[in-house]
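A.B. asks: I'd like to go over a predicted model; first the sequence, then the structure.
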6 protein chains.
Amino acid sequence: MAESLEEFKRFRERMNERILSSGNLQIQRFFNLDTRAYEPGALSSKVKELLGLVGSLVLRCDDCVTYHLLRCVDEKVSDEEFFEAFNVALVVGGSITIPHLRRAVKRLEEARGFRERKRNRKRAAARSSSPRH
Amino acid sequence: MAESLEEFKRFRERMNERILSSGNLQIQRFFNLDTRAYEPGALSSKVKELLGLVGSLVLRCDDCVTYHLLRCVDEKVSDEEFFEAFNVALVVGGSITIPHLRRAVKRLEEARGFRERKRNRKRAAARSSSPRH
Amino acid sequence: MAESLEEFKRFRERMNERILSSGNLQIQRFFNLDTRAYEPGALSSKVKELLGLVGSLVLRCDDCVTYHLLRCVDEKVSDEEFFEAFNVALVVGGSITIPHLRRAVKRLEEARGFRERKRNRKRAAARSSSPRH
Amino acid sequence: MAESLEEFKRFRERMNERILSSGNLQIQRFFNLDTRAYEPGALSSKVKELLGLVGSLVLRCDDCVTYHLLRCVDEKVSDEEFFEAFNVALVVGGSITIPHLRRAVKRLEEARGFRERKRNRKRAAARSSSPRH
Amino acid sequence: MAESLEEFKRFRERMNERILSSGNLQIQRFFNLDTRAYEPGALSSKVKELLGLVGSLVLRCDDCVTYHLLRCVDEKVSDEEFFEAFNVALVVGGSITIPHLRRAVKRLEEARGFRERKRNRKRAAARSSSPRH
Amino acid sequence: MAESLEEFKRFRERMNERILSSGNLQIQRFFNLDTRAYEPGALSSKVKELLGLVGSLVLRCDDCVTYHLLRCVDEKVSDEEFFEAFNVALVVGGSITIPHLRRAVKRLEEARGFRERKRNRKRAAARSSSPRH
């Protein structure tokens, strides 16, 4: 996994932009449906993102796994919950999913660190900009 | 879909029995892991069965869909929740999942009727065995 | 293949109706996008239906194959063209597609006979309802 | 599994014939390559048929599983060997392969019975045609 | 996508050569069938390459997508036609194909630039080698 | 293929360790079943690793292919045997497996060189540590 989480995001955003500016209206609508499928309804966003994560793992798409994993982190999925979802994917999809599981765990570590650093930067910024006393 | 829900269950149980009595210990252990993956832990059984349902839909396995659908009915998944999970599977897996979705909806109707009849029979039995006055 | 082409269509229509009347707006929109993807644009409907057919064959979904095959028959795809498209699917997807190819060829024969009979009935109706002299 | 082993074979043979008589030379060549891939070479036919069986199980194609299973029976694969190969497929492909495994075990029972009856008929024929003393 | 189009081609050619020189005659024949499947017949090469492209997208194989995409560029597939084919693949295969779509669009841009540069070099070469007056 | 065989192994080992130390007992058990599926029984380890290799090729998982390929090298699978197994995978799985086949052949070359160097180092070590006369 040569590519960092930052590079993944940049490439993803840049190419999504190109696709959406291609003038194909139906692809735009598909992207819109894709976004809306994970909005809260009868099921919460957290559950829906977990559904997306397991769906992506059993279909073995690393980029989709990374995306839903980051969203799950946003939705406060705990490590224990992640590993139970990983286990469902592993049992359903078999050992062929293991390399994707390894990369998912790597991404999870990166994501935890990433959010951590973001939070720290915000705190530091808040401290430095807040009145000292 | 020539096969009824009853026939599906009978075939499933009979063949599972044969597989488990084959003497291959590792297959037995796999079946055990399969059962345990959906037991409640950090995530509830309901969420785990929904994960199994969406995993089965995107991998397009009708029998697995039927199995998790029945378990979801046991876990009190509402119709609205079902269709939101179906929508996640549809968006992730594409139109190729639609025939499986059609069969899932058919099975859901059968399952709702099936539980209904079971409940009615129980009530009738309860009534007939209860003291008349 | 116990199911006739007529049964396939009836089941498909009935269940699509149930799905569309479930109240899930996003599934309705997906179904709409699915229909529109094959409308003529820069590529003709004929080419798009062939794309759908090959996509369905390599993903090995019999019902999707049947659907696109019927649409291809509507778009006047010749037998020679069908078999060249089947060959692309066979080479891309491998021998695992052969059982689906067998069923596709069966469906093609049914579809050719089906359209033939429909045409004959129309002609017969036209004859019987037309003034005799 | 409504379809008997005999029906499976008849449909398979009839449709293969139609495909091969379609005039598409490349499909004929593919079918030829498919047959030759399992001929003995550095690896025996038995091992190659087991490779075909596990490949078919993890790709979840019932007809391909049935075909290779029958060929494995011809190659004297024992029940213990079958279940070890099934276990590899189950671990690699996950619980999603279980419905196919159930049908494979059913087909194996049918195939064992089928060969048995064939052998018995031959023996009976041999006895009836052989001099009595 | 660390790998450039040039690196992709070099690796592809070098490894194909090794495979073809391995002495396995049947693999050679398969490679030959693979090439011939896209030659013009009842369907044009352009349509067949589009079939290969959509087949590769729904099966989610980046290298196969790149290969057919380059061939489609050779066959003068326009951007509008590409995006309509992408849309069929997206609808059939679902959001799981989106990362592959992103990489396909990236490759398309590279390929357009690549052909452009090649043409420019040829023109420059033609100019420099042509008599000045 | 930017990643060397050494990097592959290091990443694999490090992440497996993290997964196994996550505290999820069921994932540990799955990993254990995965290891045991290839132990000799009625079928030899060599045959089982070939089954794992072909299963991984048709499911198109490069890391799984690399892993089983290395194990096959340990089990003394010859080049001719490898290419016959590759041919079965190619025929079953189609041209979509070709990019994975290319990478498998690359890995095989690396693995042959890798074992060669390891053996040479051992011999050199043996020579230098052995008594001179």
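C.D. replies: Arrived safely.

A.B. asks: elements contacting the helix or strand where A:Glu49 lies?
C.D. replies: A:Glu49 belongs to helix A:45-58 when assigned by DSSP states H and E. The elements that helix A:45-58 packs onto, with contact taken as 3 or more C-beta pairs under 8 Å, 6 or more residues apart in numbering or on different chains; DSSP states H and E, are helix A:62-74, helix A:79-93, helix A:98-129, helix B:45-58, helix B:79-93. All C-beta spots, glycine's among them, are computed from the backbone N, C-alpha and C.

A.B. asks: repeat that with 7 Å
C.D. replies: Under the contact criterion of 3 or more C-beta pairs under 7 Å, 6 or more residues apart in numbering or on different chains; DSSP states H and E, helix A:45-58 touches helix A:62-74, helix A:79-93, helix B:45-58, helix B:79-93.

A.B. asks: dump those to JSON lines, plus mean neighbour count.
C.D. replies: Converted to JSON lines, the helices and strands packed on helix A:45-58 look like this (neighbours: other C-beta atoms under 10 Å in any protein chain shown):
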{"stretch": "helix A:62-74", "mean neighbour count": "21"}
{"stretch": "helix A:79-93", "mean neighbour count": "24"}
{"stretch": "helix B:45-58", "mean neighbour count": "26"}
{"stretch": "helix B:79-93", "mean neighbour count": "24"}
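
A.B. asks: let me have these in TSV, extended by distance to A:Phe31 and mean pLDDT.
C.D. replies: Output for the helices and strands packed on helix A:45-58, formatted as TSV (distance: least, C-beta to C-beta, whole Å; pLDDT from 0 to 100):
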stretch	distance to A:Phe31	mean pLDDT
helix A:62-74	13	97
helix A:79-93	25	98
helix B:45-58	18	98
helix B:79-93	10	98
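
A.B. asks: and those as a markdown table, adding distance to E:Ser95?
C.D. replies: Shown next, in a markdown table, are the helices and strands packed on helix A:45-58 (distance: least, C-beta to C-beta, whole Å):
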| stretch | distance to E:Ser95 |
| --- | --- |
| helix A:62-74 | 7 |
| helix A:79-93 | 17 |
| helix B:45-58 | 10 |
| helix B:79-93 | 5 |
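
A.B. asks: next one: the helix holding A:Glu49 to chain centre, how far?
C.D. replies: Remark: helix A:45-58 is offset 10 Å from the chain centroid, using C-alpha atoms, centre = their mean, to the nearest Å.

A.B. asks: quick one, that helix and helix A:79-93 angle?
C.D. replies: Angle of helix A:45-58 versus helix A:79-93, following axes from the mean of the first three to the mean of the last three C-alpha atoms, to 10 degrees, is 40 degrees.

A.B. asks: got a list of contacts for helix A:45-58?
C.D. replies: By C-beta atoms under 7 Å, 6 or more residues apart in numbering or on different chains, the surrounding residues in contact with helix A:45-58 are A:37-39, A:64-65, A:68-69, A:71-72, A:75, A:77, A:85, A:88-89, A:92-93, A:97, A:100, A:104, B:47, B:50-51, B:54-55, B:58-59, B:85, B:88-89, B:92, E:96.

A.B. asks: hmm, 6 Å instead?
C.D. replies: Residues from elsewhere that reach helix A:45-58, judged by C-beta atoms under 6 Å, 6 or more residues apart in numbering or on different chains: A:38, A:64-65, A:68, A:71-72, A:75, A:85, A:88-89, A:92-93, A:97, A:100, B:47, B:51, B:54-55, B:58-59, B:88, B:92.

A.B. asks: next: stretch A:3-21.
C.D. replies: Residues outside stretch A:3-21 that contact it (C-beta under 6 Å, 6+ apart) are A:Gln28, A:Glu110, A:Phe114, E:Arg102, E:Val105.
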